[in-house]
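*Asks:* Show me the folded form of this:
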Amino acid sequence: MTQETDMRWNDFWSRFGREAYDEINVLEEYAKMTDKAAEWAGKDRRVLDAGCGTGNLARKLGRNNKVTAIDYSPGMLEKAAEKTAGNENVELLQASVLSLPFADESYDVVVSVNVLFNLSDPARAIREAYRVLGKNGVLIVSSLLGHQGPTEDVIQQAAAYCKRTGVALDGLARVLRYQNILRSGNGFNYVPEEKEVIELIESCGFSILE
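*Replies:* Numbering: from 1, shown residues only. Modelled structure (predicted):
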């Protein structure tokens, strides 16, 4: 999960993956989103997790599917390897979502969670997903809409959750610090409204199911 057209972000994502990214699990909406993506992926499918980050979703997908999980960041993949160790259903690979090293029609499902915002050419990533999907293949996308990072409401909900469950607030603070680095460094390339995402996906050959 990195801005592959701008090498200055490679180190950022590796550091984020090693030091703070997993603290994003304190955001309840994030957990719901990954649960929903795993549910939609179904069972006994060939699944590509395109931009797997630290492997939170790959671990869930690998319970019922054969999964190839790719990311461009070595730091993210190190964490993903720890989480998926021993799961023969999950294969990790360093690769770009903009140029997938797979043959046409290799997968039944492609999942892309919190990746598009970070790309200077999101259409290219969607077209690559279309290429590697087989007939009746499904693309599952989650994307930030119209804002850069978690909203104030989401942050307050996460803080309240930490207090209720006894989770230290330090982790949430680390995530927000990295989010601020993204903002200040113009790291959010694509934060469209929902209509724009739909138009992008349809322009690349897909039909919207839900």
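
*Asks:* Going by secondary structure, residue 48 is in what exactly?
*Replies:* Taking DSSP states H and E as the definition, one finds residue 48 inside strand 46-50.

*Asks:* what packs against that strand?
*Replies:* Where contact means 3 or more Cβ pairs under 8 Å, 6 or more residues apart in numbering; DSSP states H and E, strand 46-50 is packed against helix 56-61, strand 66-71, strand 107-113, helix 122-132. C-beta coordinates here come from the backbone N, C-alpha and C atoms, glycine included.

*Asks:* roughly how far is it from the heart of the chain?
*Replies:* Averaging C-alpha positions (Cα atoms, centre = their mean, to the nearest Å) puts strand 46-50 11 Å from its chain's average.

*Asks:* Stretch 110-117 too?
*Replies:* Here the centre of stretch 110-117 is set off from its chain's centre by 4 Å, with Cα atoms, centre = their mean.

*Asks:* Give me the mean pLDDT for that stretch.
*Replies:* Mean pLDDT, computed over stretch 110-117, is 93.

*Asks:* What lies in contact with it?
*Replies:* Around stretch 110-117, the neighbours that count as contacts under Cβ atoms under 8 Å, 6 or more residues apart in numbering are 1, 33-34, 37, 41, 47-51, 53, 57, 61, 97, 122, 125, 129, 132-133, 137-144, 148, 188-191, 197.

*Asks:* picking that back up, parallel or antiparallel, list what pairs with the strand holding residue 48.
*Replies:* Paired strands of strand 46-50, with direction, are strand 66-71 (parallel), strand 107-113 (parallel) (DSSP bridges).

*Asks:* Distance to residue 20 for those strands - can I get that in TSV?
*Replies:* Shown next, in TSV, are the strands paired with strand 46-50 (distance: least, Cβ to Cβ, whole Å):
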stretch	distance to residue 20
strand 66-71	16
strand 107-113	17
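
*Asks:* Give me the distance between the residue positioned nearest the centre of the chain and residue 76.
*Replies:* The centroid of the chain falls nearest to residue 113 when counting by Cα atoms, centre = their mean (3.0 Å). Note on residue 113: its distance to residue 76, by Cβ to Cβ, to the nearest Å, is 13 Å.

*Asks:* Quick check: neighbours shared by those two?
*Replies:* When contacts are counted by Cβ under 8 Å, 6+ apart, residue 113 and residue 76 have residue 53 as shared neighbours.

*Asks:* could you pull out the helices for this structure?
*Replies:* 8-19, 28-41, 56-61, 74-84, 122-132, 152-165, 170-184, 194-203 (DSSP state H).

*Asks:* ok, and what's touching the fourth one?
*Replies:* By Cβ under 8 Å, 6+ apart, the surrounding residues in contact with helix 74-84 are 1, 13-18, 21-22, 52-56, 58-59, 62, 69, 71, 90, 92, 94.
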